[in-house]
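1. Starting from these lines, generate the structure:
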Amino acid sequence: MQVATGKPPAKEKWLIAVTVMLATYVAVIDLTIVNVALPQMRGTFGVTLDAVTWVAVAYNIAEIVMVTMASWFTRLMGRKRFYLACLTVFTVASVFSGLARSLEMMVLMRTVQGLGGGALIPMAQAIMLEVFPEEEHGMAMAVFMMGVVLAPAMGPVLGGWLTDAYGWPWIFYINIPIGGFSILLVLLFLKESAYLQRGLSRIDVIGIVLLVVGLTALQLFMEQGERRDWFESTFIVVVAVLALVALTALVLWELRVEEPIVNLRVLKNLPFVGGVSMGLIFGLTTFGSIFILPLFLQQLQGYSVLDSGLIQMPRMLIVLAIAPVAGRLYGKFDNRLLAAIGTVVMMAGYFDMSHFTLQVGWQRMLPGLLMTGGGMAFLFSVLSAATMRTVPPALFTAAAGLFTLSRRIGGNIGYAFVANQISHRSTFHEARLVDHLTPYDARTMQALDGITGRLASHGLPPGVAEQSALKLLDGEVARQATMMAYNDVFWMMGMMFVVTFPFLLLLGGRRR
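-> A predicted model of the protein is given here:
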């Protein structure tokens, strides 16, 4: 088998970049592409809404476990062989996911699909860092960023179009030609790593069990917490305790064994710890905003899935424009300054979005979307390269797995946080608004009289018109309260980046 003994020529390194990013894109997009198709799947399988959500949960659990185990498997099987195996498993599972006609079959295939797709993400980052010279790591991570950040945002749009036009199976069938072409490219261009240590003297069975149990329990806690009213549910309490115990035991165990399933010793590297900590906040806000923006546009603004995707398109396009710029600037200036610029721009974007109203048009939304997208591209490109800069090449895959894990856990926290806060803050604001809706408030009575008069002018009897006016006023109060809750969440997302500034100091400065 071919072994990469040095940096490949310019043409070859870009061929390798295309090879790994193509597979990574489809693996990441499958995190969100199924969400819009769940109602149609529910009809096909004849199950409840709660039951069909396991189609998404199964993939997320399997994916996050394999993200963490990617480095161990590359040592066990070799990088190219393991990459091919994952890509093949992912593609074949996509076929059977599209063919599934029962919920049990679908959940099983989505689990297998997640096992295949999860390891592709940290492996792609490690491969790109290895084949590009250190001075081009900023550009390499800019390309990597376009896949791992744009793909989740594109998922609902692409999934909505495919589901409406061809039916939900096509959200899986679209992976087949891309997967087949990626397998061909891997066979032609990907080589074994000259840095990667091969072979294991023993299999860390205890570590594998603790990792699978801990991450599965943590994922179930995040995914099901809001739906089951958090700690009011016995199930949530059990999985929370199980996650805490298993993951604590995992850390203690992995620091003792010579060949751990998760190489936690890389966390002795302070710049890497700073980057991982920032990655957690980045994942929380990025995935949280990917979740909240479609809800805002579709539920409060009344846009269709496709139209809401088109309104968010400038946010995606600015990523494509800014990421290469950030990649070029990496190493030419202090990395901490570049990361701080991206952070401040993202904060400004979220603060701008915290002033949206129910009457906001797409023109008013544009500045916030552009600032959050541009800041996201700038920060992630520099952060990825700066975080991995002090990691030895032999540990690239292990470090990339932990860096990806931090973003994914941050994303899971983001989903749970956004759902919880929208519900909680809506109730809070509605109670505050209702306090002002009294017969003694002149503006309230004037509005109610106006609505009643308009309804009566359309032929409704006086008593019916008055009751209908009260219902309309109640609905408007609920919409205004929900809008205020969205404003609160956008503001909180901006404020979260304040926590990252101390971690910026841990990142390395200018490349020597």
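2. which stretches of the stretch 251-400 of the chain form helices?
-> Secondary structure of the stretch 251-400 of the chain (DSSP state H, counting those that start in this stretch): helices at 270-295, 305-329, 335-353, 362-388, 396-434.
3. The first one: which residues count as buried?
-> When you say that, I think you mean helix 270-295. Neighbour-count burial for helix 270-295, counted by 16 or more other Cβ atoms under 10 Å, picks out 271-295. Backbone N, C-alpha and C define where each C-beta goes, glycine included.
4. Same check on the fourth one?
-> Residues of helix 362-388 classed as buried by neighbour count (16+ other Cβ under 10 Å): 365, 368-388.
5. can you check the shortest one too?
-> When neighbours are counted by 16+ other Cβ under 10 Å, the buried residues of helix 335-353 are found to be 335-336, 338-353.
6. what angle do that helix and helix 362-388 make?
-> With axes from the mean of the first three to the mean of the last three Cα atoms, to 10 degrees defining the directions, helix 335-353 sits at 150 degrees from helix 362-388.
7. Let me know the angle separating helix 335-353 from helix 270-295.
-> Using the same axes, to 10 degrees: helix 335-353 against helix 270-295 is 20 degrees.
8. Helix, strand or coil: sort out residue 32 for me.
-> coil (DSSP: H, G, I helix; E, B strand; the rest coil).
9. can you give me the strands for the protein?
-> Counting by DSSP state E, the chain has strands at residues 3-4, 192-193.
10. can you tell me which of these the model trusts least?
-> Among the strands of the chain, strand 3-4 carries the lowest mean pLDDT, at a mean of 50.
11. Low-confidence stretches in the stretch 201-350 of the chain?
-> Applying pLDDT under 70 to the stretch 201-350 of the chain flags the ranges 201.
12. Let's see stretch 204-213 as CSV, backbone CA atoms only.
-> Below are the C-alpha coordinates for stretch 204-213, written out as CSV (Å, rounded to 0.1, in the frame of the first residue of the first chain):
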residue,chain,number,x,y,z
ASP,A,204,-9.0,-1.3,25.2
VAL,A,205,-12.3,-3.1,25.8
ILE,A,206,-13.2,-1.3,29.0
GLY,A,207,-12.5,2.1,27.3
ILE,A,208,-14.7,1.2,24.3
VAL,A,209,-17.6,0.2,26.6
LEU,A,210,-17.3,3.3,28.8
LEU,A,211,-17.1,5.5,25.7
VAL,A,212,-20.1,4.0,24.0
VAL,A,213,-22.2,4.0,27.1
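13. Report the buried residues of it.
-> Within stretch 204-213, the residues scored as buried using 16+ other Cβ under 10 Å are 204, 207, 208, 210, 211, 212, 213.
14. Who are the contact partners of the nearest residue to the last one once chain neighbours are set aside?
-> In this structure, residue 213 finds its nearest non-sequential neighbour in residue 246, 4.5 Å apart by Cβ to Cβ, 6 or more residues apart in numbering. For residue 246, the contacting residues are 210, 213, 214, 217, taking Cβ atoms under 8 Å, 6 or more residues apart in numbering as the criterion.
15. tell me the domain ranges of the protein?
-> The chain is divided into the following domains under automatic domain parsing: 1-198, 201-258, 269-512.
16. where's the most centrally placed residue in the chain relative to residue 241, distance?
-> Geometric centre of the chain, nearest residue: residue 287, 4.1 Å, by Cα atoms, centre = their mean. Distance, residue 287 to residue 241, using Cβ to Cβ, to the nearest Å: 25 Å.
17. Break down the stretch 101-250 of the chain into its helices, ranges please.
-> Using DSSP H, counting those that start in this stretch, helices in the stretch 101-250 of the chain cover 103-118, 120-131, 137-166, 170-173, 175-189, 205-224, 234-254.
18. Including distance to residue 319, could these go into JSON lines?
-> Listed next are the helices of the stretch 101-250 of the chain as JSON lines, based on distance: least, Cβ to Cβ, whole Å:
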{"stretch": "helix 103-118", "distance to residue 319": "22"}
{"stretch": "helix 120-131", "distance to residue 319": "17"}
{"stretch": "helix 137-166", "distance to residue 319": "6"}
{"stretch": "helix 170-173", "distance to residue 319": "23"}
{"stretch": "helix 175-189", "distance to residue 319": "21"}
{"stretch": "helix 205-224", "distance to residue 319": "26"}
{"stretch": "helix 234-254", "distance to residue 319": "33"}
